[in-house]
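*Asks:* here is the input, now give the coordinates:
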Amino acid sequence: MNQSLYPGFKILLVDDEPAWLRSVSLILARAGVSNITTCTDSREVMGLLAAREIGLVLLDLTMPHLSGEDLLSSIAEMYPEVTTIVVSGMNQIETAVRCMKLGAFDYFVKSVEEDRLVQGVMRAIRMHELERENRVMSDRLLSGGLRHPGAFREIISADPAMHAIFAYIEAVAQSPQPLLVTGDSGVGKELVARAVHRLSGRKGQLVSVNVAGLDDNVFSDTLFGHLRGAFTGADQPRRGMIEEAAEGTLFLDEIGDLSIPSQVKLLRLLQEGEYFPLGSDRPKRLSARIIVATHQNLSAKEAAGSFRRDLYYRLRTHRIQIPPLRERLGDIPLLVEHFLQSAAQELGKKKPTPPREIFQLLASYSFPGNVRELRAMIYDAVSVHRDRVLSMESFIRAIGSDGEAEGGEVHLPGESMFKGMEKLPTITDTVEQLIAEAMERAVGNQTIAARLLGISQPALSKRLSRREQ
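*Replies:* Numbering: from 1, shown residues only. Okay, here's the model as predicted:
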């Protein structure tokens, strides 16, 4: 598929008046619709459709040889997947109703305003794309396998939920519509963007921009670029990231932090498909696919009024929610093996052997930092590694210093955990609660629980024996 043409399927204009064909082609081209072919002889239409490259037909009704209504009926019967819009010189309700019954998607009079015709064509394109994407997605899910597993080589996972996401990505990767990727910090949202870009077939590059903390002026300059003299200090022209990503993919991370003025500019870019570099009065076309990501709840931000509703609904055409690591604990052994290998290679060390207990210890932790946190833990452990078997001490320190028990209170450094209690617990009660918590976190493994408590395994075993007596 030629990514310089939009949409990804051909639009056929049929009319015996060449002047009208030229006029509509120019109108659509100004709106960014460039994948257009024309036909002045209605007898050739069915042969053109046989090539299966045409997804949308704009059809005149009054033509010699074969009438538009006859063609409309034949298209609906033989090529039901093709969307047809009737554009007629007759403003007759009866004719419009008859055409809709024959299967037309829409009906326009030739004297209609250009904007209305363009909007109708864009609606038809979007509907056709959605139908095609649904068919592709159904095929992926029914086949139960991935066609391009190599595209996901950076995302280490055997989790069924993640593989369902991979199948969805394969289905929507070539769509020109925006893709919204959500998930907690550290789950790998940029890795998903890379996989989408690989599968898109786009000849341009992937350009990533973190928009968190950018004020509106910096956001505009970063994305749109500027001309020389556009503002004080603009001594040289600069290409924006949109232009850098031409024919490729533009990945905007932390989209939930955008200011309202910047949200308006992003919405206009997505709606109109064009932008103005700062200081320019000549628009440029958007040719990059937009992927956005956030760890925030955009639905809640939209309800609170801090994220525009129209932009939110525009961005959520295609959505991916990446599950946190705590919901796919089965991936921990795979990730540990992967990060041990990469850490040893980067640090110039021999890959250490992980102790058996480490997987139980890690599975007892909630990983608020997700895969990124696990990677940091392993790189830290490998950096101080000396023996053949990897030490668990750095993991125990990292997990023990998390500072926040799930569902409990957060205590500042140096602040007593008993502060605010009206009655202090006894030493016996405190010890019992610590042991119970350690055993729960260690999923019953006494060796891990003892390490969490900073005591020996025999000492813990003796205390547990006393409790059972």
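*Asks:* isn't residue 447 up against residue 357?
*Replies:* Yes: assessed by Cβ atoms under 8 Å, residue 447 is found in contact with residue 357 at 5.6 Å. C-betas here are computed from N, CA, C, even on glycine.
*Asks:* who has more neighbours, the two?
*Replies:* Neighbour tally, residue 447 and residue 357, criterion other Cβ atoms under 10 Å: the higher count belongs to residue 447, 18 against 15.
*Asks:* which one is the more buried one nearest to, not counting chain neighbours?
*Replies:* If the residues on either side of it in the chain are set aside, residue 447 comes closest to residue 457, at 5.2 Å by Cβ to Cβ, 6 or more residues apart in numbering.
*Asks:* burial of that neighbour, as a residue count?
*Replies:* So residue 457, with other Cβ under 10 Å, has 14 neighbours.
*Asks:* show the contacting residues for it.
*Replies:* 446, 447, 450 (Cβ atoms under 8 Å, 6 or more residues apart in numbering).
*Asks:* and those, which of them are in helices?
*Replies:* 446, 447, 450 (DSSP state H).
*Asks:* isn't the first one up against residue 459?
*Replies:* No: the criterion here is Cβ under 8 Å, and residue 446 misses it with residue 459 at 10.2 Å.
*Asks:* these two: which is more packed in?
*Replies:* residue 446 (15 against 11).
*Asks:* quick check: pLDDT value at the nearest residue to residue 41 once chain neighbours are set aside.
*Replies:* Leaving aside its chain neighbours, residue 41 sits nearest to residue 65 (6.9 Å; criterion: Cβ to Cβ, 6+ apart). At residue 65, the pLDDT value in this model is 86.
*Asks:* SS state for residue 65?
*Replies:* coil (DSSP: H, G, I helix; E, B strand; the rest coil).
*Asks:* who's in contact with it?
*Replies:* Counting by Cβ under 8 Å, 6+ apart, residue 65 touches 41, 42, 43.
*Asks:* pull out the buried residues from the longest helix seen in the chain.
*Replies:* The longest helix of the chain (DSSP H) is helix 114-143. Judged by neighbour count using 16 or more other Cβ atoms under 10 Å, the buried positions of helix 114-143 are 117-118, 120-122, 124-125, 128-129, 132-133, 136, 140.
*Asks:* now do it, average pLDDT.
*Replies:* Helix 114-143 comes out at a mean pLDDT of 80.
*Asks:* hmm, back to that, can you list the buried residues of helix 114-143 in a markdown table and add distance to residue 165?
*Replies:* Shown next, in a markdown table, are the buried residues of helix 114-143 (distance: Cβ to Cβ, whole Å):
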| residue | distance to residue 165 |
| --- | --- |
| 117 | 38 |
| 118 | 35 |
| 120 | 34 |
| 121 | 32 |
| 122 | 29 |
| 124 | 29 |
| 125 | 26 |
| 128 | 25 |
| 129 | 20 |
| 132 | 20 |
| 133 | 15 |
| 136 | 15 |
| 140 | 11 |
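*Asks:* ok so, going back, any idea how far residue 427 is from the residue nearest to residue 447?
*Replies:* 22 Å (Cβ to Cβ, to the nearest Å).
*Asks:* and for the strand or helix carrying residue 166, what's in contact with it?
*Replies:* Taking DSSP states H and E as the definition, residue 166 sits inside helix 160-172. Under the contact criterion Cβ under 8 Å, 6+ apart, helix 160-172 has outside partners 133, 136-137, 140-141, 146-149, 151-152, 155, 157, 179, 192, 195-196, 199, 318, 320, 322-323, 327-328, 331.
*Asks:* brilliant, that's me finished.
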